[in-house]
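Novice: Structure of the sequence below:
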Amino acid sequence: MIDRSPSEWQAETPPAEETSGESQREPQTVAADPSPIPAVGEAVTRRPAAPAASHARASRLPSVTAPESPATLEATGLTLLYIADLVLKHLYVQGNLLGVEIARNVRLPFQIVQESLRWLKDEKCVEVSSGDVIGPASYHFHLSEMGRRRAREAFEQCRYVGPAPIQLEDYIAQCSRQAVAGITCSAEALQEAFGDLIIRDGLLNELGPAICSGKSIFIYGPPGNGKTMIAKGLGNFLNIYGGDVYVPYAIAAEGAVITVYDPTVHQTTDSDDLIIDAEGFLVPGLNRRAGDPPLPDSRWRRIRRPVVMTGGELTLEMLDLRYNQSSNFYTAPLHIKANGGVFLIDDFGRQIVSPRDLLNRWILPLEEHVDFLSLATGKKFSVPFEQLIIFSTNLDPRELVDEAFLRRIRHKIEVGSPSSVSGYRPEPGYHWRSVVFGVWLTGHSFLVTTQ
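Specialist: Numbers count the residues shown, from 1 in each chain. The predicted model follows:
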């Protein structure tokens, strides 16, 4: 493996295609790492964290433009009838609701929901039981007998009850704005993200270009030498320096609803408590004031860049839409939930499905950053494939894949077997949070390892 100096990181990154707006950021040149890696036999200590480090990191986070809240029905991309059916299903499930509560449930401004409520009232599907002088947002709405019949018909079509879905075109545009490629990367930033790991000299110089390019990474080497920890370190870097991203609750594509937001995968950084301002907009916890920037679309959640890991349990079916036949809507696959973050395939080659079949599934997505998903009706549509995908294996790559596929993986990093020198003992009271890469705990002594 040839080590490259940090000044060469930008040259390693392929030239970016010209795009308009904020959808593309140029990779940044990486400065030299001021903190040398300890040599064999040196005393190893964890770098103490600066008291104001969190504030410094927050000021360096790049700004990802939030989707703007729709001001009209046309801006939502949904029809009046679709929103009306969604309102009926919420009322059927929850009973009597205030107008403001309906707007919170569907995550749309009240002036848009009000159009549907007015139409449903004219159709004698909803009734107003009481209300205050504040306006329709304070009215109590409930279903009439006709409304209950229509709600049951809506459930037969689709049992999805949640925030209104966003359009597929809006999802594609947002994924382009928050892609991994082009995140500002420096040796100092990587050193901080890998602060708990003792790694061989030159490894960060190999990881830097991969992050700047956003291309796939193939990490291979003997078992037990920290490949998974390296992948987690990359996820830690993206969370510190990549900034927050936005993920929708659901997407509407080809007449189907696909849920994307997953609380078990996505760590939110915004508030779920929404109120209605004087103009009928949903505001996350604060009243809107004159001159404030455009409001974010409440159908999206702001999250930390996701880190999705899978191992031997991965199958080809897990890479397709999961269709619930009784509910008649879909759940997005793992790699779509990982858009904007890291998707780690650990123990590659030990899955139930053969490596060749798995890699053939991803030949096009790895090259074009686009994947194609199929609905139960047979319709296909394209979705973004915008994550840093990492293959990690302790098997010989030449036995897993052919040369044609290896050429499609731009960055291949070998992590060799560590050598060890014992004798280092931590100072009294020193606490190690985990057994880190290159440092093995054996009895009462620490083995310091480098490559």
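Novice: who's in contact with residue 336?
Specialist: Going by C-beta atoms under 8 Å, 6 or more residues apart in numbering, residue 336 touches 260, 371, 373, 383. Backbone N, C-alpha and C define where each C-beta goes, glycine included.
Novice: And the residues you listed, which is closest to residue 158?
Specialist: residue 260 (16.1 Å; C-beta to C-beta).
Novice: Wait, the closest one touches residue 332, no?
Specialist: Yes - using C-beta atoms under 8 Å, residue 260 is in contact with residue 332, at 4.6 Å.
Novice: Which neighbours do the two have in common?
Specialist: With C-beta under 8 Å, 6+ apart as the test, residue 260 and residue 332 both reach residue 251.
Novice: any idea how far the nearest residue to residue 300 once chain neighbours are set aside lies from residue 230?
Specialist: In space, residue 300 comes closest to residue 246 once its chain neighbours are excluded; the distance is 4.4 Å by C-beta to C-beta, 6 or more residues apart in numbering. Going from residue 246 to residue 230 by C-beta to C-beta, to the nearest Å gives 27 Å.
Novice: just to revisit the earlier point, just the contacts of residue 336 now: which is nearest residue 200?
Specialist: Distances from residue 200 to the contacts of residue 336, taken by C-beta to C-beta, are shortest for residue 371, at 34.4 Å.
Novice: In the sheet, which residues pair with that closest one? Tell me.
Specialist: When assigned by DSSP bridges, residue 371 has beta-bridge partners residue 383.
Novice: what residues are up against it?
Specialist: So residue 371 contacts 335-336, 364-365, 382-385 (C-beta under 8 Å, 6+ apart).
Novice: How is the protein divided into domains?
Specialist: Following automatic domain parsing, one finds the domains of the chain at 1-10+51-69+168-417, 79-164, 418-451.
Novice: any chance of these in TSV, with mean pLDDT too?
Specialist: As requested, these are exported to TSV (pLDDT from 0 to 100):
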stretch	mean pLDDT
domain 1-10+51-69+168-417	79
domain 79-164	91
domain 418-451	39
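Novice: so who does residue 78 touch?
Specialist: 164-165, 252.
Novice: again with residue 408
Specialist: Taking C-beta under 8 Å, 6+ apart as the test, what residue 408 contacts is 216, 363, 366-367.
Novice: try 10 Å
Specialist: Residue 408 is in contact with 215-216, 218, 359, 362-364, 366-367, 401, counting by C-beta atoms under 10 Å, 6 or more residues apart in numbering.
Novice: related to what we said a few turns ago, the residue nearest to residue 300 reaches residue 306, doesn't it?
Specialist: No - when contacts are counted by C-beta atoms under 10 Å, residue 246 is not listed as touching residue 306 (11.7 Å).
Novice: Weed out the non-buried ones from the contacts of residue 408.
Specialist: 215-216, 218, 359, 362, 366, 401 (16 or more other C-beta atoms under 10 Å).
Novice: Just the ones of those in helices?
Specialist: 359, 366 (DSSP state H).
Novice: Out of the buried ones among the contacts of residue 408, which two sit at the greatest distance?
Specialist: So for the buried ones among the contacts of residue 408, where distance means C-beta to C-beta, the most widely separated pair is 215 and 401, at 16.0 Å.
Novice: circling back to that earlier point, just the buried ones from the contacts of residue 78?
Specialist: Among those, those that count as buried by neighbour count (16+ other C-beta under 10 Å) are 164-165, 252.
Novice: Please enumerate the helices of the stretch 51-200 of the chain.
Specialist: Ranges of helices in the stretch 51-200 of the chain, per DSSP state H, counting those that start in this stretch, are 53-60, 73-76, 80-94, 99-106, 110-122, 145-157, 168-177, 187-193.
Novice: Deepest in the core, which of those helices is it.
Specialist: helix 99-106 (a mean of 23; mean count of other C-beta atoms under 10 Å).
Novice: sorry, back to before: keep only those of the buried ones among the contacts of residue 78 that are in strands.
Specialist: residue 252 (DSSP state E).
Novice: Now distance to residue 270 too, for the buried ones among the contacts of residue 78, in TSV please.
Specialist: Shown next, in TSV, are the buried ones among the contacts of residue 78 (distance: C-beta to C-beta, whole Å):
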residue	distance to residue 270
164	18
165	19
252	22
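Novice: between the buried ones among the contacts of residue 78, which is closest to residue 172?
Specialist: residue 252 (12.8 Å).
Novice: Please report how far that closest one lies from residue 320.
Specialist: Following C-beta to C-beta, the distance that separates residue 252 from residue 320 is 19 Å.
Novice: Next up, the contacts around the most centrally placed residue in the chain.
Specialist: The residue lying closest to the centre of the chain (C-alpha atoms, centre = their mean) is residue 306, at 3.9 Å. Shown in contact with residue 306 (C-beta under 10 Å, 6+ apart): 235, 238-239, 245, 247, 262, 265-267, 334, 337-343, 387.
Novice: Any chance of a PyMOL selection covering the buried ones in those residues?
Specialist: The PyMOL selection below is limited to those of the contacts of residue 306 classed as buried (16+ other C-beta under 10 Å):
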select buried, resi 235+238+239+245+247+265+266+334+337+338+339+340+341+342+343+387
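Novice: Inside strands: which ones of the contacts of residue 306?
Specialist: If you go by DSSP E, the contacts of residue 306 have 245, 247, 342-343 in strands.
Novice: Just the closest of those to residue 144, please.
Specialist: Nearest to residue 144 among the ones in strands among the contacts of residue 306 is residue 247, at 36.6 Å by C-beta to C-beta.
Novice: how distant is stretch 90-101 from the center of its chain?
Specialist: 31 Å (C-alpha atoms, centre = their mean, to the nearest Å).
Novice: Endpoint to endpoint, it covers what distance?
Specialist: With C-alpha to C-alpha, to the nearest Å as the measure, the ends of stretch 90-101 fall 10 Å from one another.
Novice: Over to stretch 238-253?
Specialist: OK, stretch 238-253 end separation, C-alpha to C-alpha: 29 Å.
Novice: swap in stretch 362-380?
Specialist: Length of stretch 362-380, first residue to last, C-alpha to C-alpha: 16 Å.
Novice: so how far is that stretch off the chain centroid?
Specialist: Centre to centre, stretch against its chain (C-alpha atoms, centre = their mean), the figure for stretch 362-380 is 18 Å.
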